[in-house]
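Trainee: below is the sequence, then the predicted model.
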Amino acid sequence: MIYHQQKANAILKPYIRCFWWLDNDSSKNIDYTILPDGFFDIIVRFDNYEYDSTVLTGTYTKEIEVAIPPNHQLFGIQFKLLAAEYIFGESIAPLLNSEKKLPNNFWDLNMLDFSENLETIDKLSSIISHEIDKQNNLDNRKLHLFRLLSQTKGNHSVSYFADKVFWSSRQINRYFNKMFGLSLKSYCNILRCSASFKDIKEGDLLSNQNYYDRSHFNKEIKKYTNHTPKNLSSNENDRFLQISIIPNK
């Protein structure tokens with residue numbers, strides 16, 4: 001398996017975590033478990049480098065099993081939740097733990113040359129920037145909220161975030177459930193769980209993400225991944241994609 005990713009430019013950073021490419025150049029299926037990480041994706045699928053289809057995923061609150069056939073490739077854009085409103089202009093709540101097929105000509109993805117990834121990413125960045133420029137109703141409370149969530153990795157209470165952005169907890173949860181299909185508390189738990197993956201890969205089975213104790217850590221990790229930290233740490237056959245792609249020390 002060949003995997004690499006490219007960070008978004010400064011303009012797109014509030015909306016996009018990265019662009020990524022995965023290539024199964026082997027002669028057999030590659031099976032992966034995708035763990036919840038607090039993002040959603042556009043995924044462009046190829047069969048032997050020929051365009052096949054494009055899908056938009058929702059946010060995952062549980063593990064998802066995927067199989068990538070031989071000589072299949074995937075190009076992805078990993079979006080932060082703010083992108084749902086300010087790039088796509090729609091709720092992704094109906095896509096929670098699922099995906100939907102997009103038209104082949106969405107953003108001309110079926111026409112782009114993915115053999116030149118950096119050039120293609122530049123073209124896509126321009127397209128996405130144009131979508132953001134169409135928005136004239138940016139809410140600074142939301143920008144501030146997601147900035148804080150990213151900085152703290154969800155390691156605070158809902159009331160903490162509500163106080164910081166001067167937005168009531170009830171209104172924030174209504175917004176989260178309407179736009180993303182989950183509460184802010186659930187999203188914070190997923191962010192904290194995802195932030196623990198690096199610790200888990202390094203063999204730290206307690207983590208430093210403010211869990212009460214080892215029992216609480218084990219319970220929360222298993223709740224969202226269906227695996228114990230010990231199982232994730234062993235990562236047999238590089239099964240857990242998000243853990244496998246974390247750079248080694």
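Mentor: Done, it's in.

Trainee: where do the strands sit along the protein?
Mentor: Taking DSSP state E, the strands of the chain run over residues 2-7, 16-24, 30-34, 40-47, 50-57, 64-68, 72-79, 99-102.

Trainee: could you give me the average pLDDT of the fifth one?
Mentor: Model confidence over strand 50-57, given as mean pLDDT, is 97.

Trainee: list the buried residues of that strand.
Mentor: Judged by neighbour count using 16 or more other CB atoms under 10 Å, the buried positions of strand 50-57 are 51, 54-57. Where you see a C-beta, it was placed from the backbone N, CA and C, and this is true even at glycine.

Trainee: cool, and the third one?
Mentor: Residues of strand 30-34 classed as buried: 30, 32-34 (neighbour count, 16+ other CB under 10 Å).

Trainee: wait, which of those residues is closest to L148?
Mentor: I34 (26.0 Å; CB to CB).

Trainee: bridged to that closest one, which residues?
Mentor: I34 has these beta-bridge partners by DSSP bridges: I64.

Trainee: isn't it right up against E63?
Mentor: Yes: assessed by CB atoms under 8 Å, I34 is found in contact with E63 at 6.7 Å.

Trainee: now do the helices in the protein.
Mentor: 82-83, 117-133, 140-152, 158-165, 169-180, 184-195, 197-201, 214-225, 229-234, 241-244 (DSSP state H).

Trainee: and the fourth one, what does it pack onto?
Mentor: When you say that, I think you mean helix 158-165. Packing contacts for helix 158-165, counted by 3 or more CB pairs under 8 Å, 6 or more residues apart in numbering; DSSP states H and E, involve helix 140-152, helix 169-180, helix 184-195.

Trainee: minimum distance to K230: which of these has it?
Mentor: K230 sits nearest to helix 184-195 of all those, at 15.0 Å, using CB to CB.
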